[in-house]
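Q: what follows is a predicted structure for the sequence shown.
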Amino acid sequence: MKAKFRWAALTALLASTLGFAAVPVELAIDFAAETAAEWGKTKGTELKIDSGVLTLNGTNWDSKAFKSVILTPDLRYKLTGTGRGKVVVRLHVGWSRAFARLDLSGDAFHTGSTEFTTPAGNGKYTLSIQVNSDKGEAEVKNLVFTPVAEPAPKAAPVPGEVRIDFAAEKAAGWGHTRGATFEITGGTAVIDGTDWDSKIFKTVTLQPNRQYLATGTGRGKVIVRLHPGWSKPFCQLNLSGDAFRTDSVKFTTPEGNGKYTLSIQINAPKGRGEVRELAFIPLADDPDKVELDAAKLRANRPDPEIVRGFMVGRFDDQTAKDIRRWGGNMIRLQLFPLRFAQQRKSDWESALPAFLDDVENKVKIARDNGLKVAVDLHQAPVPGVRGDYSELWTHPDLEKNFVRLWTALAERLKPYRETIWGYDLYNEPLDRNQLPNAPKEWRPLAIKLLKAIRAIDPEVWIIYEPGPGGGSFGLNNMYPLPDYRVIYSTHFYTPGEFTHQGILNIAGTDLAKAMEKINIRYPGEINGKQYDKAALDASLKTVDEFVARYPVPYYIGEFSVVRWAPEGSGEQYLRDVMELFEQRGWSWSYHAFREFQGWSLEHDGEYWMPGMPEPVPAGDSERGRIVREFLKKNR
């Protein structure tokens, strides 16, 4: 105890002599020991410290308390604090722009942290605690500034690697758009944006026609892109999130002189993005590289090679007979293991035997009616998470649960292989934090699922959706899976403003306002771009290029247009897209048969929104007649 006291006393003496701690020490601000008299405050602020809590009541955006603190300059610190209300903690050099920021806002007390590097200087900084609103209350219990151990030395750079470390970058080396304000502070690039085009940029030099790994650390609303000049980006790395996180993505540089535009953009109409470092590392060997024999790929085809039918949710014998009468020869059977369990007030693993019985019964119905089945896992078997965010893809039970379910399905359905057209491993894999890229966890997981199924059934076909979602962006620079019996699949809802009019853009509106947002026509100008059959054809370029590289069977698992699209427009759209699929020899399934009535081919074109009486089928429709015309190709 005496030694500890002497060390603290010596440190305090050095700090008072030198102006800062010569030996880095932790600084703790405990409001059980603080008094209000030690803090300054701005004009619009009421301040009190009681029972170990600093409380601020603010009447304007500048309401704050402040005091001077001493830290070691040019050192990495971790700031940890506990607070609630509308409160943000900042550190400044004098009253210049903050170099550290910790938001502790929330309804209940909670603890947060952030890391920062103190600027060079005399070690004296201004600590401010601000009401982060035009008025309101903020409370803080404690703040702790802890020196962070020096990071391990970075690995030696790979030849050709380009690394951007904002601890060494200067703001003057970057350009920025009109809507962006930008500074580099504490080893972090901080960008505040006021419009969708808010970004900073500079030119970087990489080896052309070379595969790289882009890695970065950031937070906020921020996306990193590489462009040839200012044309369409060939690399996009999403670093958005509430806390700093590191992510990576592979890409291939285009042909040219090797000079590319690097942009860091606010991925929102307004907001802040922060980036600490970026690296572009050339890859000598791609671990995902798969070489498959083109002749063998062409020779392997499912039976039948081309199917045409419907996606279905509810499925029984009458539905099967009606699909056959329509001319369909397959169904895409949606599986919802969690929903099935919830309906039985059970967990999914306990409900699994009954779930398998239900799936087997539906496959039997399809078999007895001469229908092939694409078994579509439409819901991830991971309870308690959102399926379109990182919480699914980083869940500790992700692989275990997926393998458990697909192993059970493959074992149960192996006797029905002649009916199974393919196992669709997972519908529309998506992590919004990784957009516009597919979840990087998806391909490795899919390969593990493929191997688990192959251990049970070496012959059954696998259906693989690359993501993100139902889109085709994941096909860029993608190798096929290491297997010759894989059908590749995406969905087609281009442009979504047309196909989903009156569905996606009506939240919080009444009927009159909703009616103003429909009546989008095709062909025509949609969201500033002309759409017709030629434009739809061009939108399939990514798929065309993938199939040209790898001659694999291809399947459009979903396509549709809402039934209240303007008369003539929906009909023309369906005809155009099915003609495009047929020209390419692709299989397809319409979304959907007797599911949500908005997609129904058996209802009229009257608009409907939640709260209105549920419409009843009206019989035949022109949209239905067009789809049946193409289903006749099955005969």
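A: It's in. Numbers count the residues shown, from 1 in each chain.

Q: all strands for the stretch 1-150 of the chain, in order.
A: Remark: strands assigned in the stretch 1-150 of the chain by DSSP state E, counting those that start in this stretch are 27-30, 40-41, 45-50, 53-58, 64-70, 76-85, 87-92, 100-103, 106-117, 124-131, 136-147.

Q: got those strands as CSV, with distance to Glu622, mean pLDDT and mean neighbour count columns?
A: The C-beta positions use only the backbone N, C-alpha and C, and glycine is treated the same way. Output for those, formatted as CSV (distance: least, Cβ to Cβ, whole Å; pLDDT from 0 to 100; neighbours: other Cβ atoms under 10 Å):
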stretch, distance to Glu622, mean pLDDT, mean neighbour count
strand 27-30, 72, 90, 15
strand 40-41, 71, 92, 15
strand 45-50, 67, 92, 16
strand 53-58, 62, 92, 21
strand 64-70, 65, 92, 18
strand 76-85, 58, 90, 20
strand 87-92, 58, 88, 22
strand 100-103, 55, 83, 20
strand 106-117, 53, 85, 14
strand 124-131, 60, 92, 22
strand 136-147, 57, 92, 20
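
Q: with distance to Gly611 added, can I get these in a markdown table?
A: What follows is the strands of the stretch 1-150 of the chain, written out as a markdown table (distance: least, Cβ to Cβ, whole Å):
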| stretch | distance to Gly611 |
| --- | --- |
| strand 27-30 | 53 |
| strand 40-41 | 50 |
| strand 45-50 | 46 |
| strand 53-58 | 41 |
| strand 64-70 | 46 |
| strand 76-85 | 37 |
| strand 87-92 | 40 |
| strand 100-103 | 38 |
| strand 106-117 | 31 |
| strand 124-131 | 40 |
| strand 136-147 | 35 |
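
Q: distance of the closest residue to Tyr484 other than its chain neighbours relative to Leu475?
A: The shortest distance from Tyr484 to any non-neighbouring residue, by Cβ to Cβ, 6 or more residues apart in numbering, is to Asn300 (4.8 Å). Distance check for Asn300 against Leu475: by Cβ to Cβ, to the nearest Å, it reads 19 Å.

Q: quick check: the residue lying closest to Thr194 once chain neighbours are set aside vs Val577, distance?
A: Leaving aside its sequence neighbours, Thr194 sits nearest to Gly179 (Cβ to Cβ, 6+ apart; 4.3 Å). Distance of Gly179 to Val577, given as Cβ to Cβ: 37 Å.

Q: quick check: pLDDT value at the most centrally placed residue in the chain.
A: Note on the chain: the residue nearest the mean C-alpha position is Arg432, at 1.6 Å, using Cα atoms, centre = their mean. For Arg432, the model assigns a pLDDT of 89.

Q: domain ranges for this protein?
A: 24-147, 162-282, 299-634 (automatic domain parsing).

Q: out of those domains, the one nearest Leu292 is which?
A: domain 299-634 (5.8 Å; Cβ to Cβ).

Q: before we move on, the earlier item: what residues are up against the residue nearest to the centre of the chain?
A: By Cβ atoms under 8 Å, 6 or more residues apart in numbering, the contact list for Arg432 reads Asp388, Tyr389.

Q: got the CA coordinates for the host helix or strand of Arg625 in PDB?
A: Using DSSP states H and E, Arg625 sits within helix 622-631. Provided in PDB are the C-alpha atoms of helix 622-631 (Å, rounded to 0.1, in the frame of the first residue of the first chain):
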ATOM      1  CA  GLU A 622     -54.700 -11.400 -68.100                       C
ATOM      2  CA  ARG A 623     -51.600 -11.800 -66.000                       C
ATOM      3  CA  GLY A 624     -52.600 -15.400 -65.300                       C
ATOM      4  CA  ARG A 625     -53.200 -16.100 -68.900                       C
ATOM      5  CA  ILE A 626     -49.700 -14.800 -69.900                       C
ATOM      6  CA  VAL A 627     -48.100 -17.000 -67.200                       C
ATOM      7  CA  ARG A 628     -50.000 -20.100 -68.400                       C
ATOM      8  CA  GLU A 629     -48.900 -19.400 -71.900                       C
ATOM      9  CA  PHE A 630     -45.300 -19.800 -70.900                       C
ATOM     10  CA  LEU A 631     -46.100 -22.800 -68.600                       C
END
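
Q: now do it, average pLDDT.
A: On average, helix 622-631 scores 97.

Q: contacts for that helix?
A: 308-309, 326-328, 561, 563, 570-571, 574-575, 578, 582, 590, 601-602.

Q: any idea which of the strands of the stretch 1-150 of the chain gets closest to Gly273?
A: strand 100-103 (12.9 Å).

Q: ok, Gly179 and Val577, which is more surrounded?
A: The neighbour count for Gly179 versus Val577, taken as other Cβ atoms under 10 Å, is higher for Val577 (24 against 16).
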